[in-house]
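Show me the folded form of this:
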Amino acid sequence: MFVVNLLLICFSIFLVRWFLLRTALIYAVRKGIDWIGDRAHVHQHFKVPELNDSTHQRNLFYHRVSLYLTSLPSLEESDFTNLSAGKKSNDIVLSLDDNQTIHDDFLGARVSWLNRVERGGRSRSFVLRIRKKDKRRILKPYLQHIHAVSDEIEERGNELRIYNHCDGRWKSVLFNHPADFDAIVLDSDLKAKIRHDLENFLKSKQYYHKLGRFWKRSYLLYGQSGTGKSSFIAAAANLLSYDVYYLNLSQIADAEDLNSLLIQTTSKSLIVVEDLDRYVSDSRSNSRINTSCLLNFMDGLLNSQEERISIFTMNSKDGIDPALLRPGRIDMHIHFPLCDFASFKNLASNYLGVKEHKLFPQVEEIFQSGAAMSLAEISELMLVNRSSPSRALKSVISALQSSGGRAAATRPSDSSASSPAPPFVTEEGGGAAWKEAMPKEFRKLYGLLRLKSCRKAGSFDQDEIGRL
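Next up is the predicted model:
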């Protein structure tokens, strides 16, 4: 009996060793077959570069593949997987790490994707590896499947992004600015006209093509700092569901670099150039972009892509070459004035929930006397005193009196200068333009006096309402 048990134990050990050896051999054989298959060109490879090689234009299919790969369950089995926060605070998004491979199964065939990164991160691509015998059967439906899944992910996510450039490439973060177009403080008729113009642009592709024009639009926003230009840009992006690209001309070497950045932008985007007057009127600017290059950009010669809106901002149009602002280069001019009584009432309603107050007549009288402050200055006073509307209004009155008192001390005795005339709308190149009745010299002197008085009353330089 002992001998029988011993034989059974020996036989069991033999079976275990044979099984382990066999599975190890099978694994080794499979690896060898794969290696031989690679060398014998059993597989075919398809490269999806981030940028098109010839034009350096952003490859839209690269973005679709990136979205698709994040949806694969096998992503969790990759040797290295990146974890990042999603749009919601409790969301975790998985993405394939650099030079890692992920497998996918489709219609009974196995394919693989390599996230290839070369030249220190400057060259990125996805490489699809598929058996030649499966290519004819599954390649076309597989690519269609990627399009369908990525479209579904985009519709489900619908995340806007804001882009800044560094070393000739765009870097982005999620765009979560809460600005709403209805809350923008502008003349109600003008705001309605701008909104109609933006919404009409979205459905005008065929009309533009019929006219032989690129499907794009351009706006000039001009006015002093803190009057809401940046907040308007954020609200327009949310209204249109467009991404935002910020062009910093001081970091662009020449027209070639500018062109390279522009062709990397995607459709459905706002191209924003802030403080354009600084680059075209200040000889001390670090930018090497000359006026000719800017004109080519505004004319669309450097960027023939469509479904884009260009937005330029300025503090003032004074001293700017009219050729830069002519119709065709700028479709609509929008002035953002300092706060008046009507704008003040909008701010009081938004920030304090107050539509009428016993102090309103006093505020209106001060505005009529010529006092003025920016929207950002007044909104900041309301924000810090929001728990007490009366205290907030008194702080605004105090700041306006300080500003208006100093301005009145130096205001000319001419009755025409006793109160600044409100801006009025004119037609300029088919768009809305603004002209101010206040003389140029008086505006400059008044601005300096207001700045000094604001510093004495307190620091109201914050541009919280208009900063992205």
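
give the contact list for the nearest residue to residue 227 once chain neighbours are set aside.
Of all residues not flanking residue 227 in the chain, residue 336 sits nearest, at 3.8 Å (Cβ to Cβ, 6 or more residues apart in numbering). (C-beta placed from N, C-alpha, C; glycine too.) With contact set as Cβ atoms under 8 Å, 6 or more residues apart in numbering, residue 336 has these partners: 186, 221-224, 227-229, 232.

And stretch 340-350, what's buried?
By neighbour count on 16 or more other Cβ atoms under 10 Å, the buried set for stretch 340-350 is 340, 343-348, 350.

what would those look like in a markdown table with pLDDT, secondary structure and distance to residue 239?
Output for the buried residues of stretch 340-350, formatted as a markdown table (pLDDT from 0 to 100; DSSP: H, G, I helix; E, B strand; the rest coil; distance: Cβ to Cβ, whole Å):
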| residue | pLDDT | secondary structure | distance to residue 239 |
| --- | --- | --- | --- |
| 340 | 89 | coil | 25 |
| 343 | 90 | helix | 20 |
| 344 | 91 | helix | 25 |
| 345 | 91 | helix | 23 |
| 346 | 89 | helix | 18 |
| 347 | 91 | helix | 21 |
| 348 | 91 | helix | 24 |
| 350 | 88 | helix | 17 |
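
quick revisit: looking at neighbours, which among the contacts of residue 336 is most surrounded?
residue 227 (27 neighbours; other Cβ atoms under 10 Å).

pretty sure that one is touching residue 378, no?
No. The criterion here is Cβ atoms under 8 Å, and residue 227 misses it with residue 378 at 10.8 Å.

so how far is residue 316 from the residue nearest to residue 227?
For residue 336, the distance to residue 316 (Cβ to Cβ, to the nearest Å) stands at 11 Å.

now residue 61
44 Å.

who has more neighbours, those two?
For residue 61 and residue 316, the more surrounded residue by other Cβ under 10 Å is residue 316, and the numbers stand at 17 against 14.

list the helices and strands the helix or strand hosting residue 133 packs on?
Assigned by DSSP states H and E, residue 133 falls within helix 132-157. Counting contacts by 3 or more Cβ pairs under 8 Å, 6 or more residues apart in numbering; DSSP states H and E, helix 132-157 packs against strand 43-49, helix 60-70, strand 101-106, strand 109-118.

so that helix versus strand 101-106, what angle?
Per axes from the mean of the first three to the mean of the last three Cα atoms, to 10 degrees, the angle that helix 132-157 makes with strand 101-106 is 100 degrees.

so helix 132-157 versus strand 43-49, what angle?
Using the same axes, to 10 degrees, helix 132-157 lies at 30 degrees relative to strand 43-49.

What residues of helix 132-157 count as buried?
Those would be 134-135, 138-139, 142, 146, 149-150, 153, for helix 132-157 by 16+ other Cβ under 10 Å.

circling back to that earlier point, anything in contact with each of residue 336 and residue 316?
Contacts common to residue 336 and residue 316, judged by Cβ under 8 Å, 6+ apart, are 222, 224.

and the helices and strands packed on helix 132-157 as JSON lines, adding distance to residue 200 and mean pLDDT?
Listed next are the helices and strands packed on helix 132-157 as JSON lines, based on distance: least, Cβ to Cβ, whole Å; pLDDT from 0 to 100:
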{"stretch": "strand 43-49", "distance to residue 200": "36", "mean pLDDT": "87"}
{"stretch": "helix 60-70", "distance to residue 200": "25", "mean pLDDT": "85"}
{"stretch": "strand 101-106", "distance to residue 200": "42", "mean pLDDT": "86"}
{"stretch": "strand 109-118", "distance to residue 200": "41", "mean pLDDT": "86"}
